[in-house]
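Enquirer: I'll drop the sequence and a predicted model, then ask my questions.
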Amino acid sequence: MTAILAVSGLVKRYGEHTVLDGVDMEVGEHEVMVLIGASGSGKSTLLRCVNLQEELDDGQILLDGEDISDPRVNADLVRRRMGVVFQAFNLFPHLSVVDNVTLAPRVVHGVDKVAATERGMALLARVGLADKASSYPDRLSGGQQQRVAIVRALAYEPRLLLLDEITSALDPELVGDVLTLVRELAEQGTTILMATHEMGFARQVADRVCFLDGGVLVESGPPEQVLTRPSQDRTRQFLRRVIAAGRLN
């Protein structure tokens, strides 16, 4: 499998606190890799490092074989090759849904307005929101806003889609709609690196699950192995807490 993303020896510190401690991982083309772990384990920091929002203290990140962690690299150009969706929807409140979706293709990628709008409307139709194209974000539910945020990240056909706890800010009844969309993207071959607390979703959709604990990648493998027959004591301890909280379904 061709690796779109390769992370080697990644270290990130904040002062004396080491948040990521020598992380090694690869994400293959059309692969869905899901990061699991307790809050503070380093999942979100790892995604921010991959998106070059954080400076590395050590290690290397390759995107399609290019060393994007080289300080001489233009981070803005690198980010154009990734789509990112975080916990907060971060939609522009003064722009309509379709304008939110088409802004980056038009302004950043130079796509003409007609072509950008056609693609944006097709994507909105795919997620059942074509009728909301002229609405403003404050007229949408949280689940609808998060789906728009995902569509916006897909609007310029990124090589890699980064998703960071995208359901954590949603009411429980809205989580299913967003996870269904991610499942559909996975089935269509989108390459995804995703942090989530939704263990059942990880079991169903991931090609590989990576367990992070204290900034260390403790265990990685197929979801059935990591979530059902983990080889590491730290993974088993984490999963026992998850089961006790009723979150492994």
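Expert: Yep, that arrived. Residues are numbered from 1 along each chain as shown.
Enquirer: alpha carbons of stretch 204-212, as PDB, please.
Expert: Taking C-alpha atoms only, stretch 204-212 is exported to PDB below (Å, rounded to 0.1, in the frame of the first residue of the first chain):
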ATOM      1  CA  GLN A 204     -17.000  -0.500  11.900                       C
ATOM      2  CA  VAL A 205     -15.100   1.900   9.600                       C
ATOM      3  CA  ALA A 206     -11.400   1.900  10.400                       C
ATOM      4  CA  ASP A 207      -8.900  -0.100   8.400                       C
ATOM      5  CA  ARG A 208      -6.500   0.400  11.400                       C
ATOM      6  CA  VAL A 209      -6.900   1.700  14.900                       C
ATOM      7  CA  CYS A 210      -4.000   3.400  16.800                       C
ATOM      8  CA  PHE A 211      -4.100   3.700  20.600                       C
ATOM      9  CA  LEU A 212      -2.200   6.700  22.000                       C
END
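Enquirer: against which helices or strands is the lengthiest helix in the chain packed?
Expert: As assigned by DSSP state H, the longest helix anywhere in the chain is helix 172-187. Here helix 172-187 touches helix 142-154, strand 192-195, helix 199-205, going by 3 or more C-beta pairs under 8 Å, 6 or more residues apart in numbering; DSSP states H and E. The way it works is simple: take the backbone N, C-alpha and C, and place the C-beta from them, glycine included.
Enquirer: again, 6 Å this time
Expert: When contacts are defined as 3 or more C-beta pairs under 6 Å, 6 or more residues apart in numbering; DSSP states H and E, helix 172-187 packs onto helix 142-154, helix 199-205.
Enquirer: can I get those helices in TSV with mean neighbour count?
Expert: Formatted as TSV, these follow (neighbours: other C-beta atoms under 10 Å):
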stretch	mean neighbour count
helix 142-154	23
helix 199-205	18
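Enquirer: mind putting those in CSV, distance to residue 65 and mean pLDDT included?
Expert: Listed next are those as CSV, based on distance: least, C-beta to C-beta, whole Å; pLDDT from 0 to 100:
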stretch, distance to residue 65, mean pLDDT
helix 142-154, 23, 90
helix 199-205, 27, 88
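Enquirer: dump these into a markdown table; add distance to residue 167 as well.
Expert: Compiled in a markdown table, those are given as follows (distance: least, C-beta to C-beta, whole Å):
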| stretch | distance to residue 167 |
| --- | --- |
| helix 142-154 | 8 |
| helix 199-205 | 8 |
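Enquirer: for residue 190, which of those is the nearest?
Expert: helix 142-154 (7.6 Å; C-beta to C-beta).
Enquirer: quick one on the thing from earlier: who wins for proximity to residue 23 among the helices and strands packed on helix 172-187?
Expert: Closest among these, using C-beta to C-beta: helix 199-205, at 18.2 Å.
Enquirer: tell me which helix or strand comes right after that closest one.
Expert: strand 208-213 (DSSP states H and E).
Enquirer: after that following strand, next one along is what?
Expert: Downstream of strand 208-213 (by DSSP H and E), the next one is strand 216-221.
Enquirer: who are the packing partners of whichever helix or strand comes after that next one?
Expert: Next helix or strand after strand 216-221 toward the C-terminus (DSSP H and E): helix 223-228. Counting contacts by 3+ C-beta pairs under 6 Å, 6+ apart, helix 223-228 packs against helix 199-205.
Enquirer: how is the protein carved up into domains?
Expert: In terms of domains, the chain is parsed into 3-81+159-244, 93-157 (source: automatic domain parsing).
Enquirer: just how off-centre is the shortest one within its chain?
Expert: In terms of C-alpha atoms, centre = their mean, to the nearest Å, the centre of domain 93-157 is set 18 Å apart from its chain centre.
Enquirer: by contact count, what packs against whichever strand or helix holds residue 49?
Expert: For residue 49, the host element (DSSP H and E) is helix 43-50. Contact here means 3+ C-beta pairs under 6 Å, 6+ apart; on that basis helix 43-50 packs against strand 160-164.
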